[in-house]
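**Student:** Whatever this is, show me its structure:
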Amino acid sequence: MDNLRFIRETMERASSFTAVPGWGGVAIGVTAVIAAFIASRIHDEHEWMYVWAWELPLALLIGGWTMKRKADVIQLKLLSAPGRRFTLGLTPPLIAGAILSVAMHREEAYDALPGMWLLLYGSGVVTGGAYSVKVVPVMGLCFMALGVLALLLPITWGNLLMAAGFGGVHIVFGIIIARRHGG
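**Tutor:** Alright, predicted model coming up:
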């Protein structure tokens, strides 16, 4: 029994987290495009930030729900070793982004928000994706590249780059993940 447990635990540690939801990514992308459209019509920086602040819990809800559904379909425990590693890689940059957002809001330093959000989310996807299918870290690198652009280009490009990242990248890679790795 000890040998079987060792073999099972070794295989679990070596496996990748395959419950990343492709169609969930597409849905997140669609809601992000809608948020970007709404935010593009708003000229007050406080209100612009609030539009994106509402998008975050919606995206987390969609992502969590679709990840749970996919895990159930493929009979994978979300809290398996790969699932825990995925979460531990993704979560710290998201928490850092939330804390920095509050600090930047307090200082009214809105110009760097799009770049910071894209970079931190991208870094979380890269690190969490290291325990997933190979396309997930590539997706994270795309977010990071857009984050760099958002920091280098004029702030007027920020919302468009957010739409390209949180909208377009999620949609494109969501379709790729759905087709190659199921749902």
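**Student:** Quick check: next helix or strand after the worst-scoring helix or strand of the chain on mean pLDDT?
**Tutor:** Ranked by mean pLDDT, DSSP states H and E, the weakest helix or strand in the chain is helix 2-14, scoring a mean of 54. With elements assigned by DSSP states H and E, the helix or strand that comes after helix 2-14 is helix 22-40.
**Student:** Which strands and helices lie in contact with that following helix?
**Tutor:** helix 45-73, helix 158-162, helix 170-181 (3 or more CB pairs under 8 Å, 6 or more residues apart in numbering; DSSP states H and E). Quick note: C-beta positions are derived from backbone N, CA and C, even for glycine.
**Student:** May I see the buried residues of it?
**Tutor:** 22-29, 31-33, 35-36, 38-39 (16 or more other CB atoms under 10 Å).
**Student:** Same check on stretch 45-53?
**Tutor:** So stretch 45-53, judged by 16+ other CB under 10 Å, has buried residues 48-49, 51-52.
**Student:** next one: stretch 141-158
**Tutor:** 142-147, 149-151, 158.
**Student:** Including secondary structure, distance to I171 and pLDDT, could the residues you listed go into JSON lines?
**Tutor:** As requested, the buried residues of stretch 141-158 are arranged in JSON lines below (DSSP: H, G, I helix; E, B strand; the rest coil; distance: CB to CB, whole Å; pLDDT from 0 to 100):
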{"residue": "C142", "secondary structure": "helix", "distance to I171": "12", "pLDDT": "97"}
{"residue": "F143", "secondary structure": "helix", "distance to I171": "13", "pLDDT": "97"}
{"residue": "M144", "secondary structure": "helix", "distance to I171": "18", "pLDDT": "97"}
{"residue": "A145", "secondary structure": "helix", "distance to I171": "17", "pLDDT": "98"}
{"residue": "L146", "secondary structure": "helix", "distance to I171": "14", "pLDDT": "98"}
{"residue": "G147", "secondary structure": "helix", "distance to I171": "18", "pLDDT": "97"}
{"residue": "L149", "secondary structure": "helix", "distance to I171": "18", "pLDDT": "97"}
{"residue": "A150", "secondary structure": "helix", "distance to I171": "18", "pLDDT": "96"}
{"residue": "L151", "secondary structure": "helix", "distance to I171": "23", "pLDDT": "95"}
{"residue": "G158", "secondary structure": "helix", "distance to I171": "19", "pLDDT": "93"}
